[in-house]
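Visitor: what's the 3D shape of this:
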Amino acid sequence: MNVAEEIKRLHELHQAGALSDEEFAQAKARLLNQESYTPGDNISNDISRLRRSQSDRWLGGVCGGLGKVTGVESWIWRLLFVLFVCTFGFGLAIYILLWIFVPDEELIGK
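Guide: Next up, the predicted model:
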């Protein structure tokens, strides 16, 4: 899909009420700025922004931090980790490694 088709699709979603004015403007700006996108730019930036959440945590805050960086709800990350533990067995190891190596986010006002 080219940029014009994607903007048309965004406009249709906006007209249908699926996107607010602000969401539409943000998505459109992202699409227009994506032309200068080189693969790997956002990945390294997102990895450097990854922090364990202080406010959205059950154990170590890993899923809350992943949720903030990726925009995916933290409960989905929790579900994925549980599924990986139950099916493949390596989900717990990945979670523990992230818990150890990803720093805590700094609380505002400390």
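Visitor: Report how many residues lie close to the nearest residue to R52 once chain neighbours are set aside.
Guide: Computed as C-beta to C-beta, 6 or more residues apart in numbering, the closest residue to R52 that is not its neighbour in sequence is G61, at 3.6 Å. In this view, the C-beta of every residue, glycine as well, is placed from N, C-alpha and C. The number of residues packed around G61, counting by other C-beta atoms under 10 Å, is 22.
Visitor: just L10 next, same as before
Guide: Here the number of neighbours of L10 (other C-beta under 10 Å) works out to 19.
Visitor: Tell me the spacing between it and A25.
Guide: Using C-beta to C-beta, to the nearest Å, one gets 10 Å for the distance from L10 to A25.
Visitor: for Q54, same thing?
Guide: Distance check for Q54 against A25: by C-beta to C-beta, it reads 30 Å.
Visitor: same question for stretch 10-18, mean pLDDT?
Guide: Confidence over stretch 10-18 (mean pLDDT, whole number) is 84.
Visitor: ok, and for it, which residues are buried?
Guide: L10, H14 (16 or more other C-beta atoms under 10 Å).
Visitor: Good, wrapping up.
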